[in-house]
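Asks: got a structure for you, letters missing:
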């Protein structure tokens, strides 16, 4: 049995020795696949493709350059530094390695290094690709050279033919130049173009937080950059070897070994069952560079008992090999990678500068919309907080800061629903409200609205009011000021984008509010809407009891809190609406109820504690 296994192993080793290096024929295909994934914004999948390529050939810069750029776009600049440095060390003249290093320098705020690399790339290519021109213009603008930035972009001509992401960034650079020059109308026009062509991905998703800002004020809480230093990882740790290198399997480290197998770059070069388990590897038969050596111990049935792995750096004088890849195929993969590696648009800088330019022009509402987009992600970005609070301070003179019911003699009430939109409960609720000619106020959660945008729009289309219930249904009392601002303003920004409505009504999840939360809400123009009747009794009582308590407590001007993500609540809505209609109540939005309050009256603003209901049924 042992002899038969030995013969099988020997045959397999001979076959593998006769085959070309494992993966060599697939290396360029993996690089091209990574480039395609990167171009489509699928960064995690691109990282995996470039890692596969690097395992197939550790000595070519394309995989390392692509991996470094993909990691940087994925918000991992520290992890990106090693592959980017490795790409340059493998071939510093490779265009993909140079382009990736130039983008990394710019993204890392190293403007001098970025200038040097981008100017070299521009001088080496004719014609200069638009992507290089745009990156060069960005670097010049960030250095204060507005005229140089405009000159770099001038040969592109019309931006209409550019891909959306490149058009957005080119317009952003020109908008920043106009903004700095005080040309507010021109800046607003260009920055609107930049905003309209941002890629359809989550904001800040592709923008490294440490990039050099286009203008000094357009920066937020950015991380310190990771400098591009010496190659790290396998290259830095590799043991240099040359000539014939003895390889050994230590049976004390891998007990149970009957066969030793020696692999280099995935090829089995030797299988032996003779002790001592050794193999004399002639490194002159492989190219100079990095190679992975794996020594595997197996029992007499071929079951793995253990293995060791090491990356070595082969350096032999006077050794040459023919090109590993066809020139045309390699050039095609390199060009595809260079096209995929782009300086990504910066949504926060775009909306920040647009908001500032619009405010200079007196377009306060549009300016507020842009600045809220920024603060929904980074409240400390530039002067966004200062600008936005100034806008709302000018409007807040007659705004009610908090309300739980409205003094009125008219028989009307506001029925409100928290936690939507909900794919299960909201559509039938809208039909039910229509049956009773009721108009409601829906306090929507931002993440829910993003998941169900069509339902959010339908709520408005059917005559109801949308209001703010935070972006992620957070307990605001547990957050610091920037956290509160993010929750309030990101939700407002989402609802404005989806429904076109500037939302001013807000309800804290769970009624969790304190002086700090209330003051922050008021500062950004929100009226905090509480309630005088609510469905949270359902936690302690059955539906019939709760319905009786609700009906008994209603009076003209009541604000009733119900939930649009709870199975128990859904069962009491129809009988409640039916009874309110029978008693002659009109069911209106909160804004309409506020507009009918008795002259000279001040609505009460006492906050009631009402913990959210846990719904065992499918909901969110």
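Replies: Perfect, I can see it now. Since we're looking at a predicted model, the values are computed, not measured.
Asks: and residue 246, what element?
Replies: Element membership of residue 246, judged by DSSP states H and E, is strand 244-248.
Asks: that strand pairs with which strands, and in what direction?
Replies: Using DSSP bridges, the strands paired with strand 244-248 in its sheet are strand 278-282 (antiparallel).
Asks: for the stretch 201-350 of the chain, what spans make up the strands?
Replies: 239-241, 244-248, 259-264, 267-272, 278-282, 289-298, 304-314 (DSSP state E, counting those that start in this stretch).
Asks: mind putting those into TSV with mean neighbour count and distance to residue 572?
Replies: For the C-beta atoms, the positions are set from N, CA and C on the backbone; glycine is no exception. Converted to TSV, those look like this (neighbours: other C-beta atoms under 10 Å; distance: least, C-beta to C-beta, whole Å):
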stretch	mean neighbour count	distance to residue 572
strand 239-241	12	74
strand 244-248	13	76
strand 259-264	23	69
strand 267-272	19	72
strand 278-282	16	78
strand 289-298	20	67
strand 304-314	16	63
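Asks: turn those strands into JSON lines, including distance to residue 469.
Replies: Shown next, in JSON lines, are the strands of the stretch 201-350 of the chain (distance: least, C-beta to C-beta, whole Å):
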{"stretch": "strand 239-241", "distance to residue 469": "60"}
{"stretch": "strand 244-248", "distance to residue 469": "65"}
{"stretch": "strand 259-264", "distance to residue 469": "58"}
{"stretch": "strand 267-272", "distance to residue 469": "60"}
{"stretch": "strand 278-282", "distance to residue 469": "66"}
{"stretch": "strand 289-298", "distance to residue 469": "54"}
{"stretch": "strand 304-314", "distance to residue 469": "53"}
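Asks: any chance of these in CSV, with distance to residue 75 and mean pLDDT too?
Replies: Formatted as CSV, the strands of the stretch 201-350 of the chain follow (distance: least, C-beta to C-beta, whole Å; pLDDT from 0 to 100):
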stretch, distance to residue 75, mean pLDDT
strand 239-241, 33, 91
strand 244-248, 40, 96
strand 259-264, 35, 96
strand 267-272, 37, 95
strand 278-282, 41, 96
strand 289-298, 27, 94
strand 304-314, 27, 93
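Asks: tell me which of these lies nearest to residue 173.
Replies: Checking these against residue 173 by C-beta to C-beta gives strand 289-298 as the closest, at 39.1 Å.
Asks: paired strands for that closest one, with orientation please.
Replies: For strand 289-298, pairing defined by DSSP bridges yields strand 259-264 (antiparallel), strand 304-314 (antiparallel).
Asks: now it, how far from the chain's geometric center?
Replies: Counting by C-alpha atoms, centre = their mean, to the nearest Å, strand 289-298 is centred 38 Å from the centre of its parent chain.
Asks: other residues contacting that strand?
Replies: Here strand 289-298 makes contact (C-beta atoms under 8 Å, 6 or more residues apart in numbering) with 55, 58-59, 90, 234-235, 238, 247-249, 251, 254, 256-266, 277, 281, 283, 304-314.
Asks: how does the protein divide into domains?
Replies: Using automatic domain parsing, the domain parsing of the chain gives 243-314, 351-393, 400-595.
Asks: mean confidence score for the longest helix along the chain?
Replies: With DSSP state H setting the assignment, residue counts place helix 481-499 as the longest helix in the chain. Average pLDDT, helix 481-499: 97.
Asks: remind me what it packs against, helices and strands.
Replies: For helix 481-499, the elements it packs on are helix 364-375, helix 446-451, helix 453-461, strand 465-468, helix 515-523, judged by 3 or more C-beta pairs under 8 Å, 6 or more residues apart in numbering; DSSP states H and E.
Asks: just the buried residues of the longest one, please?
Replies: Which is helix 364-375. Applying a neighbour-count criterion of 16 or more other C-beta atoms under 10 Å, one finds 366-375 buried in helix 364-375.
Asks: packing partners for that helix?
Replies: Helix 364-375 is packed against helix 347-360, helix 384-393, helix 481-499, with contacts defined by 3+ C-beta pairs under 8 Å, 6+ apart.
Asks: CSV please, covering those helices and showing mean neighbour count and distance to residue 506.
Replies: Output for the helices and strands packed on helix 364-375, formatted as CSV (neighbours: other C-beta under 10 Å; distance: least, C-beta to C-beta, whole Å):
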stretch, mean neighbour count, distance to residue 506
helix 347-360, 26, 21
helix 384-393, 18, 13
helix 481-499, 22, 7
